[in-house]
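Peer 1: Please find the sequence and the predicted model below.
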Amino acid sequence: MSMQHPASDLRMIPVDQIAPLNPRDRNDQVFEEIVGNIKNLGLKKPITVTPRDNLEDGKRYLLICGEGRLKAFKALGEKQIPALVVTVNDEDAFIMSLTENIARRAYRPLELLAGIERLHQQGYDKKVISQKTGLCLDYVKDILFLLKNGEERLLVAVEGGRVPLNTAIAIVGAGSDEAVQAALQDAYESGKLRGGQLMQVRRVLQQRSTLGKSMARRDARKVSSVTTSSLVRNYQHEVERQKMMVKKAEFIQQRLVFVIEALRQLLADEHFSNLLRAEGLNTLPKQLAERVWPGGHAA
């Protein structure tokens, strides 16, 4: 089964004859931007569809890529849309859809990861999933391991860049809270986790402990259950978080002082200032200019 270069044909397709393959919710603001861009600039990239004879409501094409563009055309009252028509089976169509969204990272994390899980459930082994999606084989293995263990919260943190994937795997493998804390301490001392990254991991672990592994809302009765020990624990967590915020603010302030002093020395050089003027770079943001020069004047 090969789908590397399916034959395609560019056509104008009626929008009411297209059925989404994998419909999903879209952020209203993002959708409005898509509509505005298409209205002002036109459609930069055609959608991709595949013909089908067995669809409901008289539809004749299955949408592979471009749901946002299709919805935008409908919102603008357009009757037809440019589309690349390819002939592929349902499984290859789904893989094409998943691959495009991986490439542009437009999927919400759980949707993207659920797509990988769906391929696995359809009988594809990890190596084939890796080849078809362009993802690293080890990444696919680790993601499927986390999915198997119901670690939705860790998965979202991994995709969001807040928790390294190998750290998430170590957390699941550690088991008890004591073992997890020991693993984090080892990672910190070995230099694998530092500063803000360590705090991100701790914050995710706190949410995982308080709200559970799943991103679904928990039973309200469980959430509302409060004990003296839980209040003390949450208070201590909040104190630690506030302390880290203060340390971070002090660090940023030190960086800012360094930048200001460096700018002062550079801008005291007449040749450097003339070069900035020649390139049209002789202004600074107001808040920074006020600190570099008394009165905040330009270079």
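Peer 2: Cool, the structure landed. For clarity, every value in this text was computed on a predicted model and none was experimentally measured. Numbers count the residues shown, from 1 in each chain.
Peer 1: okay, and for the stretch 1-150 of the chain, where does confidence drop off?
Peer 2: 1-8, 22, 24-27, 99-114, 132-135 (pLDDT under 70).
Peer 1: center of the chain - which residue?
Peer 2: Nearest to the mean C-alpha position of the chain, counting by Cα atoms, centre = their mean, stands residue 160 at 5.0 Å.
Peer 1: how much space between residue 285 and residue 17?
Peer 2: 51 Å (Cβ to Cβ, to the nearest Å). The way it works is simple: take the backbone N, C-alpha and C, and place the C-beta from them, glycine included.
Peer 1: So if I had to pick from the two, which one is more boxed in?
Peer 2: residue 17 (14 against 8; other Cβ atoms under 10 Å).
Peer 1: Pull the contacting residues for that one.
Peer 2: Counting by Cβ atoms under 8 Å, 6 or more residues apart in numbering, residue 17 makes contact with 58-61.
Peer 1: Which residue comes closest to it once chain neighbours are left out?
Peer 2: Nearest residue to residue 17 in three dimensions, chain neighbours excluded: residue 60, at 4.7 Å (Cβ to Cβ, 6 or more residues apart in numbering).
Peer 1: And for that neighbour, the neighbour number?
Peer 2: Counted with other Cβ under 10 Å, residue 60 comes out at 15.
Peer 1: phi, psi of it?
Peer 2: phi -120, psi -10 (degrees, to the nearest 10).
Peer 1: Distance check, it against residue 277.
Peer 2: For residue 60, the distance to residue 277 - Cβ to Cβ - is 62 Å.
Peer 1: which residue lies farthest from the center of the chain?
Peer 2: Farthest-from-centroid check, the chain (Cα atoms, centre = their mean): residue 270, 44.8 Å.
Peer 1: do you know how far that residue is from residue 277?
Peer 2: As judged by Cβ to Cβ, residue 270 and residue 277 stand 11 Å apart.
Peer 1: before we move on, what about residue 129?
Peer 2: 56 Å.
Peer 1: Looking at these two, which has the bigger crowd around it?
Peer 2: residue 129 (23 against 13).
Peer 1: Confirm that that one sits in a helix.
Peer 2: Yes: membership of residue 129 in a helix is supported by DSSP: H, G, I helix; E, B strand; the rest coil.
Peer 1: Verify the contact between it and residue 116 for me.
Peer 2: Yes: using Cβ atoms under 8 Å, residue 129 is in contact with residue 116, at 6.3 Å.
Peer 1: Go through the helix or strand where residue 271 lies and flag the buried ones.
Peer 2: Taking DSSP states H and E as the definition, residue 271 sits inside helix 270-278. Buried residues in helix 270-278, counted by 16 or more other Cβ atoms under 10 Å: residue 276.
Peer 1: helices or strands up against the helix or strand hosting residue 291?
Peer 2: Under the criterion DSSP H and E, the helix or strand holding residue 291 is helix 286-292. When contacts are defined as 3 or more Cβ pairs under 8 Å, 6 or more residues apart in numbering; DSSP states H and E, helix 286-292 packs onto helix 228-267.
Peer 1: Mind checking which of the contacts of residue 17 are in strands?
Peer 2: residue 61 (DSSP state E).
Peer 1: can the contacts of residue 17 go into JSON lines with extra columns for distance to residue 266?
Peer 2: Conversion of the contacts of residue 17 to JSON lines gives the following (distance: Cβ to Cβ, whole Å):
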{"residue": "58", "distance to residue 266": "68"}
{"residue": "59", "distance to residue 266": "63"}
{"residue": "60", "distance to residue 266": "64"}
{"residue": "61", "distance to residue 266": "59"}
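Peer 1: between the contacts of residue 17, which has the most around it?
Peer 2: Top of the contacts of residue 17 by neighbour count (other Cβ under 10 Å): residue 61, with 21 neighbours.
Peer 1: what's the residue nearest to it when sequence neighbours are not counted in contact with, if anything?
Peer 2: Counting by Cβ to Cβ, 6+ apart, residue 61 lies nearest to residue 49, which is 4.0 Å off, once chain neighbours are set aside. The contact partners of residue 49, by Cβ under 8 Å, 6+ apart, come to 13, 18, 61-64, 83-86.
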